[in-house]
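J.: with the sequence up front, the predicted model follows.
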Number of protein chains: 2
Amino acid sequence: MKLYELVGKDKTQGFSPYVWRSRMALAHKGCTVEMVPLIFTEIADVEGANAKTVPILEHNGTFITDSWNIACYLDEQFPDRPPLFNGAQGKAQANLFNNIFFYNLVVPLFPALVGDIFNVIDDRDRDYFRTSREARLGKSLEEAAAQQEDYLAQFRKQLWPYNQTLKAQDYFDGASPAYSDYIMYGLFQWAKGVSPCQLLNTDDPLHDWRARMDDLYDSLGKVIKPRG
Amino acid sequence: MKLYELVGKDKTQGFSPYVWRSRMALAHKGCTVEMVPLIFTEIADVEGANAKTVPILEHNGTFITDSWNIACYLDEQFPDRPPLFNGAQGKAQANLFNNIFFYNLVVPLFPALVGDIFNVIDDRDRDYFRTSREARLGKSLEEAAAQQEDYLAQFRKQLWPYNQTLKAQDYFDGASPAYSDYIMYGLFQWAKGVSPCQLLNTDDPLHDWRARMDDLYDSLGKVIKPRG
């Protein structure tokens, strides 16, 4: 198995939140995988994948694109290993969570991180990144970076229900981590991989949860080193 | 079984979103229940319940308060009937959804409805309701009512992930409704029971979902008549 991921100047610091979901999902299933680092402008060139984004999973000559499809594929291919989804109903609940998560956490965090991302990406990606992201933001990367604290404040307000949930249960999926936890963890790996900003207070239940997630699978997530 | 609910001047139009969760949950479990209408200022007087809010479920001399506790109780008491939660992991996912739902949908909708609620409640509740809700709002009921359209616009923005989810699955819990659907349905029953305002566009996937929810259990939810 190969998992194509996204990197910047440092090829060991893959920062895509969606790749991190798949990386944790593969570890959850006990799959060993070769990581293949790509920069943004190399993704479209992966022969046979027909992909615009990472993660891309290559398995027995088949390419699976999109982190959601990869999770579904892993549960289908390896039904005897620990499930990522709690059956069909659990998959539906995870899909609901995934959509809520995108809208309420990914979208608000993106403008807070975009200036930092620009600083870590490969020089060959800079034109592509500036053009595509400024169109999405409706402002320059520098204008977004100047408002980072405001964006972070907006983002942090959205953490209430997640901290609240972790007062009643150890993981978002209950007593042990599963795909909802990997969705959430990818967000923090993304921020950690590109920015010195602190998303959490040390007394947030999420802070303790993240430390426990960092310890999973031989501390897989700790390959990302804190910045700044 | 008795389910204590909240009503205003019209004792047939119970409008508590939390009672509606329990009402649908009881129907899901195939339980018949006697509804006991209360006004706000009668709730604390239910002997033996020690409750400040509805729903209150009375079963074999035991009182269970809080809609979440009632759902857990029903799955424990009636394990052979259709489950509300998909096991322990499903309950954890529903708890996560419940917290997100409260923060992103209930909290924004409350100020949009508060003026309309004041108009339907029993006269004996008016002083209590005004005092407690104005303290929560930080403004008068009339000021909140004057901003209803702004509040509704804020609320409707939050519906994106829910509409998006229903493009991929029939119910929030997958192929058939379960407790996450009843959480959501309670919100719409609340609004319908107190206000003529329209929360949804007719082409929203939520609009079709709500119509299917209205048809469940001999059209139980249609006991609430549209206002205005």
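T.: Structure's in. What do you need? Everything numeric in this text was worked out from a predicted model, so none of it was measured. Numbers count the residues shown, from 1 in each chain, chains lettered A, B, ... in the order given.
J.: residue numbers of chain A in contact with chain B?
T.: A:86-97, A:99-100, A:102-104, A:160-162, A:164-165, A:168-169, A:171-175, A:178, A:180 (Cβ under 8 Å from any Cβ of the partner chain). The way it works is simple: take the backbone N, C-alpha and C, and place the C-beta from them, glycine included.
J.: out of the residues you listed, which are buried?
T.: A:86, A:89-97, A:99-100, A:103-104, A:161-162, A:164-165, A:169, A:171-174, A:178, A:180 (16 or more other Cβ atoms under 10 Å in any protein chain shown).
J.: which residues touch the residue in chain A sticking out farthest from the centre?
T.: Taking Cα atoms, centre = their mean as the measure, the residue most remote from the mean C-alpha position of chain A is residue A:80, 25.6 Å away. Contact analysis of residue A:80 by Cβ atoms under 8 Å, 6 or more residues apart in numbering or on different chains lists nothing.
J.: so what pLDDT did it get?
T.: Looking at residue A:80, its pLDDT is 98.
J.: from residue A:179, how far out is it?
T.: Look at residue A:80 and residue A:179: by Cβ to Cβ, to the nearest Å, they are 17 Å apart.
J.: where along chain A do the helices fall?
T.: A:17-28, A:67-77, A:87-101, A:107-120, A:126-137, A:141-146, A:148-157, A:160-165, A:179-194, A:205-219 (DSSP state H).
J.: and of these, who's closest to residue A:36?
T.: Of all the helices of chain A, it is helix A:17-28 that lies closest to residue A:36, at 10.5 Å by Cβ to Cβ.
J.: C-alpha coordinates for the closest one, CSV please?
T.: Backbone C-alpha positions of helix A:17-28 (Å, rounded to 0.1, in the frame of the first residue of the first chain) are rendered in CSV as follows:
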residue,chain,number,x,y,z
PRO,A,17,-5.8,17.2,7.4
TYR,A,18,-7.4,14.8,5.1
VAL,A,19,-4.3,12.7,4.7
TRP,A,20,-4.0,12.5,8.5
ARG,A,21,-7.5,11.0,8.6
SER,A,22,-6.4,8.2,6.2
ARG,A,23,-3.1,7.7,8.0
MET,A,24,-4.7,7.2,11.3
ALA,A,25,-7.4,5.0,9.6
LEU,A,26,-4.7,2.8,8.1
ALA,A,27,-3.0,2.4,11.5
HIS,A,28,-6.4,1.6,13.1
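J.: quick one: it to helix A:67-77, angle?
T.: Helix A:17-28 and helix A:67-77 are oriented at 10 degrees to each other (axes from the mean of the first three to the mean of the last three Cα atoms, to 10 degrees).
J.: got the angle for helix A:17-28 vs helix A:179-194?
T.: On the basis of the same axes, to 10 degrees, helix A:17-28 is oriented at 130 degrees to helix A:179-194.
J.: residues contacting residue A:223?
T.: The contact partners of residue A:223, taken as Cβ under 8 Å, 6+ apart, are A:12-13.
J.: sorry, back to before: can I get the helices of chain A in TSV with mean pLDDT and distance to residue B:189?
T.: Below are those laid out as TSV (pLDDT from 0 to 100; distance: least, Cβ to Cβ, whole Å):
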stretch	mean pLDDT	distance to residue B:189
helix A:17-28	98	35
helix A:67-77	98	32
helix A:87-101	97	20
helix A:107-120	98	29
helix A:126-137	98	38
helix A:141-146	98	41
helix A:148-157	98	28
helix A:160-165	98	22
helix A:179-194	98	28
helix A:205-219	98	32
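J.: show me the contact partners of stretch A:71-79.
T.: A:21-22, A:25-26, A:29-31, A:57, A:59, A:64, A:83-85, A:91, A:179.
J.: now swap in stretch A:193-205 and tell me
T.: Residues contacting stretch A:193-205 (Cβ under 8 Å, 6+ apart): A:8, A:13-15, A:109, A:112-113, A:116-117, A:119-120, A:148, A:152, A:155-156, A:159, A:163, A:166-167, A:188, A:191, A:206-207, A:210, A:224, A:226-228.
J.: which of those residues are buried, as a ChimeraX select command?
T.: Remark: buried members of the contacts of stretch A:193-205, expressed as a ChimeraX selection using 16+ other Cβ under 10 Å:
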select /A:8,13,14,15,109,112,113,116,117,120,148,152,155,156,159,163,166,188,191,206,207,210,224
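J.: ok so, going back, which one of the contacts of stretch A:71-79 is nearest to chain B?
T.: Nearest to chain B among those is residue A:91, at 7.3 Å by Cβ to the nearest Cβ.
J.: how about the closest one, what does it touch?
T.: By Cβ under 8 Å, 6+ apart, residue A:91 lies in contact with A:72, A:75, A:85, B:174.
J.: closest to residue A:136 out of those residues?
T.: For those, the nearest to residue A:136 is residue A:72 (27.3 Å; Cβ to Cβ).
J.: number of nearby residues for the closest one?
T.: Neighbourhood size, residue A:72 [other Cβ atoms under 10 Å in any protein chain shown]: 18.
J.: next: the one 5 residues further on.
T.: Burial of residue A:77 is recorded as 14 neighbouring residues (other Cβ under 10 Å).
J.: from residue A:69, how far off is it?
T.: For residue A:77, the distance to residue A:69 - Cβ to Cβ - is 12 Å.
J.: how about residue A:23?
T.: Residue A:23 is 15 Å from residue A:69, by Cβ to Cβ.
J.: cool, and residue A:155?
T.: Separation of residue A:155 from residue A:69 (Cβ to Cβ) stands at 27 Å.
J.: before we move on, what about residue A:116?
T.: As judged by Cβ to Cβ, residue A:116 and residue A:69 stand 29 Å apart.
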